[in-house]
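With the input below, show me the fold.
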Amino acid sequence: MIRLASSSITRAELLKAAGIPFIQESIDFDEDSIIATSPKNFVYQATLGKYKVNLEKFGCSDYPLLVADTVVTAQGKILRKAKDEADARAILEMQSGSDVAIITCMIYKTPRLELIDISSTHYYFDTFNPQEVENYLASGEWRGKAGACMVEGFCKPYIREMRGYESTAMGLCVEMLKPFL
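Next up, the predicted model:
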């Protein structure tokens, strides 16, 4: 059993699908305080911040602690969670027909082990259909998603090429975690 210190439904689904028993509870961390120009540095700083507050609250002696954060980048920009529908539309326009990298950092801590991993998955998207973008925006499924991106949903039919693990793009590189459990 591990403690998933994340409120992400997708991360919980990834652990369930991998057959990894967990409890899910977390303390929030203010990502707006992070100053980083590099996507990898940003996602590392966000994960480290989450790790520190959750380790202080829960420790890792009763259950190993797992924290993660994900960032999307396209056209050299860090694409965070969209603030509103207009922001989501602008973010999706940057991804349409572009090379998009989804970077996930995770920290897994037991009393004897600390694993830090930063993995990325690259997607090459075809141009998004404008009406399908509007339907996706109206659905609200983009809310709470890094870069308003759902590679398992809206973006899936537009994937021309993928390099990396889909689990990384969904928020947790299960393939990297499993050998350490």
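
Surely Gln45 and Asp32 touch.
No - look at Gln45 against Asp32 with CB atoms under 8 Å: they stay out of range, at 11.7 Å. From N, CA and C alone the C-beta is placed, and that goes for glycine too.

How much space separates the nearest residue to Thr110 once chain neighbours are set aside from Arg112?
Among residues not flanking Thr110 along the chain, Pro64 sits closest, at 4.3 Å (CB to CB, 6 or more residues apart in numbering). Distance, Pro64 to Arg112, using CB to CB, to the nearest Å: 10 Å.

which other residues reach the helix or strand hosting Met162?
Met162 belongs to strand 159-163 when assigned by DSSP states H and E. If you take CB atoms under 8 Å, 6 or more residues apart in numbering as the criterion, strand 159-163 is touched by 121-126, 151.

The lowest-mean-pLDDT helix or strand in the chain: which residues count as buried?
None of the helices or strands of the chain scores lower by mean pLDDT, DSSP states H and E than strand 77-79, at a mean of 91. For strand 77-79, a neighbour-count test (16 or more other CB atoms under 10 Å) marks 78-79 as buried.

End to end on stretch 81-99, go ahead and measure it.
By CA to CA, to the nearest Å, the extent of stretch 81-99 from end to end equals 18 Å.

Buried residues, the very next helix or strand once past the least confident helix or strand of the chain. List them.
Next helix or strand after strand 77-79 toward the C-terminus (DSSP H and E): helix 85-95. Of the residues in helix 85-95, 88-89, 91-92, 94-95 count as buried by neighbour count, 16+ other CB under 10 Å.

can you put those residues in TSV and add distance to Lys57?
Formatted as TSV, the buried residues of helix 85-95 follow (distance: CB to CB, whole Å):
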residue	distance to Lys57
Ala88	32
Arg89	37
Ile91	32
Leu92	35
Met94	36
Gln95	35
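
re earlier: who has more neighbours, Gln45 and Asp32?
Gln45 (19 against 7; other CB atoms under 10 Å).

The more buried one: which element?
Assigned by DSSP H and E, Gln45 falls in helix 39-58.

what about that helix, average pLDDT?
Per-residue pLDDT over helix 39-58 has a mean of 95.

Tell me what angle the helix or strand following that helix forms with helix 85-95.
On the C-terminal side of helix 39-58, the nearest following helix or strand under DSSP H and E is strand 65-74. Here strand 65-74 runs at an angle of 70 degrees relative to helix 85-95 (axes from the mean of the first three to the mean of the last three CA atoms, to 10 degrees).

ok and strand 65-74 relative to helix 39-58, angle-wise?
Using the same axes, to 10 degrees: strand 65-74 against helix 39-58 is 160 degrees.

CA atoms only for strand 65-74 - export them in CSV, please.
Extracted C-alpha coordinates of strand 65-74, given in CSV (Å, rounded to 0.1, in the frame of the first residue of the first chain):
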residue,chain,number,x,y,z
LEU,A,65,4.7,8.5,-0.1
LEU,A,66,4.2,9.2,-3.9
VAL,A,67,3.9,12.7,-5.2
ALA,A,68,3.9,13.9,-8.8
ASP,A,69,3.3,16.9,-11.1
THR,A,70,2.9,17.3,-14.8
VAL,A,71,3.6,20.1,-17.2
VAL,A,72,2.8,20.5,-20.9
THR,A,73,5.1,22.4,-23.2
ALA,A,74,4.6,23.5,-26.8
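
Good, wrapping up.
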